[in-house]
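Q: Quick one, fold the following:
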Amino acid sequence: MAGMSERLAAGLCRIEGVVEGESSFKDGPAFWAGGKEIAHFEGAHAIDLRLTRAQIRARRDELRADARVVLRSASSDWLTVEFRTPADEAFVLMLAEIAVAAHRTAGGPVPPPTGAALARRRRFH
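A: Take a look at the predicted model:
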């Protein structure tokens, strides 16, 4: 990661409840909240965010109208956001706040899986 991706990663880590760890979907870093992976980078200018189906459904028209957003099937918790400008970065962080709120647990931050627990998750993806 370089430049904007590094700033975006730092911004994600500043959100209360976010913990950085390894992705269960691919090699590389991911951002976790409430024991769920909520974000990982897809190259230098895109990020996958786990907003939840309910949050995507509530914002579907707005998200569909935004050229930065790539929606998946109606049953997916995930969407992809392309970012190239500071405004795009702020948009990603706003969506990440929504994702964190949707996954936050009462007991505080949950550490991301490592070792065998992470390997087990990766087998299912």
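Q: Report all helices and strands that the longest helix anywhere in the chain contacts.
A: Longest helix in the chain, counting residues (DSSP state H): helix 86-103. Other helices and strands packing on helix 86-103, by 3 or more CB pairs under 8 Å, 6 or more residues apart in numbering; DSSP states H and E, are helix 4-14, strand 29-33, strand 36-41, strand 46-50, helix 53-58, strand 78-82. All C-beta atoms are positioned from the backbone trio N, CA, C, and that covers glycine.
Q: For it, give me every contacting residue.
A: Helix 86-103 is contacted from outside by 4, 7-8, 11-12, 15-18, 31, 33-36, 38-39, 47, 49-52, 54-55, 66, 68, 81-83, using CB atoms under 8 Å, 6 or more residues apart in numbering.
Q: Stretch 44-52 too?
A: Contacts of stretch 44-52 (CB under 8 Å, 6+ apart): 1-5, 8, 25, 36-42, 59, 77-84, 92, 95-96, 98-99, 102-103.
Q: again, 7 Å this time
A: Applying CB atoms under 7 Å, 6 or more residues apart in numbering, the contact partners of stretch 44-52 are 2, 5, 8, 36-42, 77-84, 92, 95-96, 98-99, 102.
Q: and that stretch, what's its mean pLDDT?
A: Stretch 44-52 shows a mean pLDDT of 95.
Q: List the buried residues in that stretch.
A: Judged by neighbour count using 16 or more other CB atoms under 10 Å, the buried positions of stretch 44-52 are 46-52.
Q: With distance to P109 added, can I get those residues in a markdown table?
A: Shown next, in a markdown table, are the buried residues of stretch 44-52 (distance: CB to CB, whole Å):
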| residue | distance to P109 |
| --- | --- |
| A46 | 26 |
| I47 | 20 |
| D48 | 21 |
| L49 | 18 |
| R50 | 16 |
| L51 | 19 |
| T52 | 18 |
